[in-house]
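**Q** Predicted coordinates and the sequence they were generated for:
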Amino acid sequence: MLNTMIDAHVQCLENLKPMAPVLKTAGDMLLQCLLDGGKLMICGNGGSASDAQHFAAEIVGRFERERRAYPAVALSTDTSILTAVGNDYGYREVFARQVAGLGRSGDVLIGISTSGHSENIVRAVEQAASSGLKTIGLLGKDGGTLSRLVDQAIVVDSATTARIQEAHIFILHYWAWLIESGLPQTHGDPV
Ligand SMILES: O=C(CO)[C@@H](O)[C@H](O)[C@H](O)[C@H](O)COP(=O)(O)O
Ligand SMILES: [Zn+2]
């Protein structure tokens, strides 16, 4: 089984090579947002919530180089907001409500969903559009509903959630590198 998983993982990453232009375009959108004074908002469920938090940490903290902090917020971290909004408005609203409260025109929302169908991500993207944010979907399978809603859809060509998630974190690391390469550096050794 391990060899099968490794082969599928490698194939998923190989399939990203022809997507280089679209991955670069989306990464440049994130970089430009930060250079223009905007912030990144990221949301996902389960493993994708972890990916959202992982990426936000690399933007606010650092990836590989010393530089000033830049703003990125994972919408899966505040349990008081998640429980209040989930309890009062329903789980589908937990991210959209935060986009409504925190999102500003010029910000970018990244919605991460392996199925492309999670309702709370769909609602977050709808809210982002009406609040003037740009949107990127990090998706899988057939891209789902989200592929038709976001400004820039990235669909990992696999039917297996775990393999899609592994490609997603690879893409997020590529974006962290691309963003950091375009931001002013400060003195310090690469990590
Ligand atoms: O990490 C995993 C499976 O590998 C799970 O926690 C998975 O993220 C959850 O089932 C999510 O609810 C799936 O949502 P989505 O990717 O379809 O939007
Ligand atoms: Zn997982």
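**A** Received it, and whenever you're ready, just let me know what you need. Ligands and ions are numbered 1, 2, ... in the order given.
**Q** Next up, the contacts around residue 117.
**A** 144, 145, 146 (C-beta atoms under 8 Å, 6 or more residues apart in numbering). Every residue, glycine included, has its C-beta placed from N, CA and C.
**Q** And the host helix or strand of residue 180, what does it pack against?
**A** Per DSSP states H and E: residue 180 is located in helix 161-182. Counting contacts by 3 or more C-beta pairs under 8 Å, 6 or more residues apart in numbering; DSSP states H and E, helix 161-182 is packed against helix 2-14, helix 20-35, helix 47-60, strand 134-140, strand 152-156.
**Q** pLDDT of the shortest one, averaged?
**A** Per-region confidence: strand 152-156 scores 98 on mean pLDDT.
**Q** what pairs with that strand, and is each one parallel or antiparallel?
**A** Under the criterion DSSP bridges, strand 152-156 sits next to strand 134-140 (parallel) in its sheet.
**Q** Can you list the helices and strands that the helix or strand just after the partner strand packs against?
**A** Counting by DSSP H and E, the element after strand 134-140 in chain order, helix or strand, is helix 146-149. Packing contacts for helix 146-149, counted by 3+ C-beta pairs under 8 Å, 6+ apart, involve helix 119-130, strand 134-140, strand 152-156.
**Q** for these, which one ends up most surrounded?
**A** By mean neighbour count, with neighbours taken as mean count of other C-beta atoms under 10 Å, strand 134-140 ranks first of the helices and strands packed on helix 146-149 at a mean of 26.
**Q** Restricting the selection to alpha carbons, write it to CSV.
**A** What follows is strand 134-140, C-alpha atoms only, in CSV (Å, rounded to 0.1, in the frame of the first residue of the first chain):
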residue,chain,number,x,y,z
LYS,A,134,-10.6,38.6,-4.5
THR,A,135,-10.9,34.8,-4.1
ILE,A,136,-8.8,31.8,-4.8
GLY,A,137,-10.1,28.2,-4.5
LEU,A,138,-7.6,25.5,-3.6
LEU,A,139,-9.7,22.5,-4.7
GLY,A,140,-9.7,18.8,-5.8
